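# Mind looking at a prediction? Sequence and model below.
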Amino acid sequence: MIYKLKKRSYENVRPLFEELEWNLITSAVIEGTSPGRVYADRHEDPRTAFMCTVEGYYLVGDATNDGFNTALNRLIFERIFAGDTIRKDETDVAIGFHPDSWKDKMPIIFQGRNPLTTARRHYVCPKLKADHRRDHVPKGFQVQRIDEKLLRTPRLEIPEHVTSWMKTNWGSIPDFMKKGFGFCTLHDKQMVSWSIADCISGNACEIGIHTRENYRRQGLATLTAAATVDHALSSGFEYVGWHCNEYNFGSIGVAEKVGFKLERKYTQYYACASEAHHLEETAQAHFRAKRYNEAIKSYEKFFATPPEELPEWFRKVLPQELGTHYFRVAYAKTALGEHSGALKYLEKAVDNGWLHMDFLMGCKEFESTHGTSAWNSILEKIRKKLSER
């Protein structure tokens, strides 16, 4: 069985979450400083618990509790995948866990989807390394604390992502102003980079960073995150944490420039609410692992999905990604020696906006197709599309 606990009972599961306290959000939910839900196999002296937070999902305790695991599967598919989530518009359930024996139970918990894995990193900043003093800020830019006065600044363009982050992680903007903190970089009446505390617990906090796409690779994220870390350390926080995906090289680079040190690598298991989205994620996982046959099969199933079966949000973002997906199939096919099929998918990739000429010319896998009429036609199509931009 599985029961949703009342907030006054959250302390009952704290011993179970001790080994996951480096995910600070778990302590923040138990203490009530961050929104969340806790489920357990019983109200008193629980053996197994599942936590829903704004930063992900966490599973602890007795992994052999089969009744709980079956009930958790129903909870995920019937409620969470149906939209009953802490974070608005969440598209998947990614679970962190302790102990490692939970790995063997993921096929039961995600029965109905083949669970996927994502590699993650956890960093801690013991000492600030980056310098964010005024003379290091580029001309025309300003680094400021995010406070009520800043939010009321006339004609300042504040991204919805900023206020949404405050509301989601802290419950409301007033709660963020009372308990949280964050800094941003301003340019031309725009907030272009922002670093905000995700959660706090005692003398510990975790932060995140985001920068507008057209302002990246200018060092702004490092400056902004450094200001946030400096504030945290100077305000008495002894622990500042940072989580990111293993392949998010931009985030890793910023963290290490600021002074964060890698504390551990870990794995989460996840599944997507939409079958089509899960197929797409499965195809990408196979491709990254160079399981090219499996990647091609998954992608072809994904391409065959009728548009009406795709979630609305997915239909909106798919056109931006479709060219990349077609290119991956082309790459996989040519890596397997299927050059004719590869060029057909490469042309589809170009037709859908994939125009990376330099990258393509550097791909050794396509060398055997160089000089063919199909190859030359594709290159000409790329040149023409680039000239029309």
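Sure thing, it's come through.
# C-alpha only now, for contacts and for neighbours.
Fine.
# and the strand or helix carrying Glu321, what other elements does it pack with?
Counting by DSSP states H and E, the element that carries Glu321 is helix 312-335. With contacts defined as 3 or more Cα pairs under 8 Å, 6 or more residues apart in numbering; DSSP states H and E, helix 312-335 has these neighbours: helix 275-288, helix 292-303, helix 339-351.
# export those to TSV and tack on mean pLDDT, distance to Tyr326 and mean neighbour count?
Output for the helices and strands packed on helix 312-335, formatted as TSV (pLDDT from 0 to 100; distance: least, Cα to Cα, whole Å; neighbours: other Cα atoms under 10 Å):
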stretch	mean pLDDT	distance to Tyr326	mean neighbour count
helix 275-288	95	11	20
helix 292-303	96	8	19
helix 339-351	95	5	20
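# Tabulate the ones you listed (JSON lines), appending distance to Ser368.
Formatted as JSON lines, these follow (distance: least, Cα to Cα, whole Å):
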{"stretch": "helix 275-288", "distance to Ser368": "21"}
{"stretch": "helix 292-303", "distance to Ser368": "18"}
{"stretch": "helix 339-351", "distance to Ser368": "8"}
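# Out of those helices, which is closest to Arg37?
helix 275-288 (24.7 Å; Cα to Cα).
# same for that closest one, what does it pack against?
Looks like helix 275-288 contacts helix 292-303, helix 312-335 (3+ Cα pairs under 8 Å, 6+ apart).
# Name the surrounding residues that touch the longest one.
Under the contact criterion Cα atoms under 8 Å, 6 or more residues apart in numbering, helix 312-335 has outside partners 277, 287, 292-293, 295-296, 299, 307, 339, 341-346, 348-354, 365-366.
# Please repeat the previous calculation with a cut-off of 6 Å.
Tyr292, Ile296, Ala342, Tyr345, Leu346, Ala349, Asn352, Gly353, Trp354, Glu365 (Cα atoms under 6 Å, 6 or more residues apart in numbering).
# got the angle between it and helix 292-303?
Interaxial angle of helix 312-335 relative to helix 292-303 (axes from the mean of the first three to the mean of the last three Cα atoms, to 10 degrees): 150 degrees.
# mind saving the C-alpha coords of helix 312-335 as PDB?
Extracted as PDB, the C-alpha positions of helix 312-335 are listed here (Å, rounded to 0.1, in the frame of the first residue of the first chain):
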ATOM      1  CA  GLU A 312       0.600  19.900 -27.600                       C
ATOM      2  CA  TRP A 313       3.800  21.200 -26.000                       C
ATOM      3  CA  PHE A 314       5.700  18.500 -28.000                       C
ATOM      4  CA  ARG A 315       4.100  19.500 -31.300                       C
ATOM      5  CA  LYS A 316       5.400  23.100 -30.600                       C
ATOM      6  CA  VAL A 317       9.000  22.200 -29.900                       C
ATOM      7  CA  LEU A 318       9.400  19.300 -32.300                       C
ATOM      8  CA  PRO A 319      10.000  21.400 -35.500                       C
ATOM      9  CA  GLN A 320      13.100  22.800 -33.900                       C
ATOM     10  CA  GLU A 321      14.500  19.400 -33.100                       C
ATOM     11  CA  LEU A 322      13.300  17.300 -36.100                       C
ATOM     12  CA  GLY A 323      16.300  18.200 -38.300                       C
ATOM     13  CA  THR A 324      18.700  17.000 -35.600                       C
ATOM     14  CA  HIS A 325      16.800  13.700 -35.200                       C
ATOM     15  CA  TYR A 326      16.900  13.100 -39.000                       C
ATOM     16  CA  PHE A 327      20.700  13.800 -39.000                       C
ATOM     17  CA  ARG A 328      21.200  11.300 -36.200                       C
ATOM     18  CA  VAL A 329      19.500   8.600 -38.200                       C
ATOM     19  CA  ALA A 330      21.600   9.600 -41.200                       C
ATOM     20  CA  TYR A 331      24.800   9.400 -39.100                       C
ATOM     21  CA  ALA A 332      23.800   6.000 -37.600                       C
ATOM     22  CA  LYS A 333      23.000   4.600 -41.000                       C
ATOM     23  CA  THR A 334      26.300   5.700 -42.600                       C
ATOM     24  CA  ALA A 335      28.200   4.300 -39.500                       C
END
